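A.B. asks: have a look; sequence and predicted model below, questions after that.
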Amino acid sequence: GAGVSQSPSNKVTEKGKDVELRCDPISGHTALYWYRQSLGQGLEFLIYFQGNSAPDKSGLPSDRFSAERTGGSVSTLTIQRTQQEDSAVYLCASSLMGPGNEKLFFGSGTQLSVL
Amino acid sequence: SQQGEEDPQALSIQEGENATMNCSYKTSINNLQWYRQNSGRGLVHLILIRSNEREKHSGRLRVTLDTSKKSSSLLITASRAADTASYFCATDPQGAQKLVFGQGTRLTINP
């Protein structure tokens, strides 16, 4: 596609349920990033993929969070047993090669609300 | 803690005036970028300045970088109502495989 696509754009779930967020990066971009943004706050780094591997998972808040990327393309961020503090906008970005002198292209995000 | 910190947190000016936002960071970097965010969703890249550069221009945007002070500034000249948005600086710390964002400056341009 022309840009980074994220789905769903909005997700409302009940506390304790699992959710899956999807990111479809720009075709040919090898690097993919997940960030989280709470209301009125900056972006919190979650995880970075180079191809299908994740050199940096340091930002994942807990073991309830996991992410995978298949075929060097689509990525899924999974949150198990959601908590109210997981409510935020989850942003995905991609870049051509990886961190370093490259700009990131962002999707429009998934607004997650945990009731 | 966040690598980059912007100030002010919020800025409100009249249309036509210049807007200046500042960013400070903590560790050595490879480059610094500025992004714009409308309505709390996707960010759009504005400009990238490398660590060996001191100033860069793009249209009405002017970015400076002072690596000795670990700071950068973004100047928007002749502001327009459409410039209303949040602006974030992002750094690429040496040795870190990620782009680290600051808390952002919320800019409001009053018609």
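C.D. replies: That came through, no problem. Residues are numbered from 1 along each chain as shown, chains lettered A, B, ... in the order given.
A.B. asks: what bits of chain B have low per-residue confidence?
C.D. replies: Low-confidence segments of chain B (pLDDT under 70): B:1-4, B:40.
A.B. asks: which stretches of it form helices?
C.D. replies: Secondary structure of chain B (DSSP state H): no helices present.
A.B. asks: spell out which residues of it are next to chain A.
C.D. replies: B:2, B:30-31, B:33, B:35, B:40-45, B:48, B:50, B:88, B:90, B:92, B:96-104 (Cβ under 8 Å from any Cβ of the partner chain). For glycine as for every other residue, the C-beta is placed from the backbone atoms N, C-alpha and C.
A.B. asks: now intersect the residues you listed with the strands, please.
C.D. replies: Per DSSP state E, strands hold the following members of these: B:30-31, B:33, B:35, B:43-45, B:48, B:50, B:88, B:90, B:92, B:100-101.
A.B. asks: turn the residues you listed into JSON lines, including distance to A:S113 and neighbour count.
C.D. replies: Listed next are these as JSON lines, based on distance: Cβ to Cβ, whole Å; neighbours: other Cβ atoms under 10 Å in any protein chain shown:
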{"residue": "B:N30", "distance to A:S113": "36", "neighbour count": "16"}
{"residue": "B:N31", "distance to A:S113": "35", "neighbour count": "20"}
{"residue": "B:Q33", "distance to A:S113": "30", "neighbour count": "24"}
{"residue": "B:Y35", "distance to A:S113": "24", "neighbour count": "25"}
{"residue": "B:L43", "distance to A:S113": "21", "neighbour count": "29"}
{"residue": "B:V44", "distance to A:S113": "25", "neighbour count": "13"}
{"residue": "B:H45", "distance to A:S113": "28", "neighbour count": "17"}
{"residue": "B:L48", "distance to A:S113": "34", "neighbour count": "18"}
{"residue": "B:R50", "distance to A:S113": "40", "neighbour count": "14"}
{"residue": "B:F88", "distance to A:S113": "23", "neighbour count": "25"}
{"residue": "B:A90", "distance to A:S113": "26", "neighbour count": "26"}
{"residue": "B:D92", "distance to A:S113": "32", "neighbour count": "23"}
{"residue": "B:V100", "distance to A:S113": "26", "neighbour count": "24"}
{"residue": "B:F101", "distance to A:S113": "22", "neighbour count": "27"}
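A.B. asks: ok, so of those residues, who is nearest A:Y90?
C.D. replies: B:L43 (13.1 Å; Cβ to Cβ).
A.B. asks: most distant residue from the centre of chain A?
C.D. replies: Relative to the mean C-alpha coordinate of chain A, counting by Cα atoms, centre = their mean, the farthest residue is A:N101 (21.2 Å).
A.B. asks: quick one: that residue from chain B, how far?
C.D. replies: 5 Å (Cβ to the nearest Cβ, to the nearest Å).
A.B. asks: for A:A31, same thing?
C.D. replies: In terms of Cβ to the nearest Cβ, A:A31 sits 9 Å off from chain B.
A.B. asks: just give me the neighbour total for that residue.
C.D. replies: 22 (other Cβ atoms under 10 Å in any protein chain shown).
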